[in-house]
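A.B. asks: no sequence on this one, just coordinates:
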């Protein structure tokens, strides 16, 4: 389940830029946050022994509004513009995940990458924003960002479609994953894939696959069913793993269930193949979870070679007791 995209140093920028915003790289980070495990995959520490027995529990954060989360998001963009890591330290979840040219990164690694980046951003603006909930504790912002500036001496894309996911943590909403892709014309043919040398370098730097666990196995079974259907050009198979409110975000912008099926099933493809690497999951609630992984891809669609691979952020939710994919985003890499 992939889309051909023009590649413009997305892995580097999704980490270096707006680390405190969410990715995947989203976003993912996402859809596929979107391929060491991130710190967020470790069980939360049990602090019951150190907390006072009569300590009052923190009130839960109120349900978010789009306006409130976009205000928070703009704060992250402003921090990125000003090279200020304080926003990321305060507003990024400990479960936060992103991607770089060497693989998945946790909160600390992303903040360091932001601090080390040499960017000169003259201006930016956000528009076309929307919010949707995945259960009561996960909020997905999608929007278009326009920007004028450079990072490490290279021009940043003039316009991007972005996914920024926030999760409820106690009395606050915290950023989980941010991923973006340069805006592309939905009717245009896909651009060329990444140069082979770059892909090979990233393949060499890829960490060893993490030891599987029950949640990751269950979520990756859903991903495999979808990717197998994509290889077989099976629209019904793709649809079968989707939740009723499925959404995919790429350089074409947000696509609903019907548009995403058409996007993945309609192109004329040949020689398609894929392999998964380094999957890792994060439980976000009893019935919502995120899995991120790398998918190496081969083949051609509409005469254009597939990129060497994608980093994927894929959110699933239980519907009728079964995991269904509800939000997916990816970036070439």
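C.D. replies: All right, it came through fine. For clarity, every value in this text was computed on a predicted model and none was experimentally measured.

A.B. asks: could you grab the helix/strand/coil label for residue 81?
C.D. replies: Put simply, residue 81 is helix when judged by DSSP: H, G, I helix; E, B strand; the rest coil.

A.B. asks: close enough to count as contact, it and residue 125?
C.D. replies: No: using Cβ atoms under 8 Å as the test, residue 81 is too far from residue 125 to be in contact (11.4 Å). C-beta coordinates here come from the backbone N, C-alpha and C atoms, glycine included.

A.B. asks: which one's more surrounded, these two?
C.D. replies: Remark: of residue 81 and residue 125, residue 81 carries more neighbours, 18 against 12, as counted by other Cβ atoms under 10 Å.

A.B. asks: so how far is residue 155 from the more buried one?
C.D. replies: As judged by Cβ to Cβ, to the nearest Å, residue 81 and residue 155 stand 15 Å apart.

A.B. asks: residue 299 now?
C.D. replies: Separation of residue 299 from residue 155 (Cβ to Cβ): 31 Å.

A.B. asks: who has more neighbours, those two?
C.D. replies: A count of neighbours by other Cβ under 10 Å puts residue 299 above the other of residue 299 and residue 155, at 14 against 11.

A.B. asks: partner strands of the host helix or strand of the more buried one, with direction?
C.D. replies: Element membership of residue 299, judged by DSSP states H and E, is strand 288-301. Its sheet considered, strand 288-301 pairs with strand 269-285 (antiparallel), strand 304-305 (antiparallel), strand 309-319 (antiparallel) by DSSP bridges.

A.B. asks: most tightly surrounded among those?
C.D. replies: A comparison of these by mean neighbour count, using mean count of other Cβ atoms under 10 Å, puts strand 309-319 on top with a mean of 27.

A.B. asks: got the angle for the next helix or strand along the chain from that one vs strand 288-301?
C.D. replies: Following strand 309-319 in sequence order, the next helix or strand is strand 322-332 (DSSP H and E). In terms of direction (axes from the mean of the first three to the mean of the last three Cα atoms, to 10 degrees), strand 322-332 departs from strand 288-301 by 50 degrees.

A.B. asks: in strand 322-332, what's buried?
C.D. replies: By neighbour count with 16 or more other Cβ atoms under 10 Å, strand 322-332 contains the buried residues 323, 324, 325, 326, 327, 328, 329, 330, 331, 332.

A.B. asks: below-threshold pLDDT in the stretch 101-250 of the chain: ranges please.
C.D. replies: Within the stretch 101-250 of the chain, the stretches with pLDDT under 70 are 186-212.

A.B. asks: one more pass at 90, please.
C.D. replies: The model of the stretch 101-250 of the chain has pLDDT under 90 over residues 101-103, 113-118, 152, 185-212.

A.B. asks: what segments of it are strands?
C.D. replies: In the stretch 101-250 of the chain, strands defined by DSSP state E, counting those that start in this stretch lie at 103-105, 119-133, 138-151, 154-155, 159-169, 172-182, 242-250, listed in chain order.

A.B. asks: show me what contacts residue 176?
C.D. replies: 22, 93, 95, 96, 97, 138, 165, 166, 167, 284, 290 (Cβ atoms under 8 Å, 6 or more residues apart in numbering).

A.B. asks: could you single out the nearest of these to residue 272?
C.D. replies: The nearest member of the contacts of residue 176 to residue 272, counting by Cβ to Cβ, is residue 290 at 25.5 Å.
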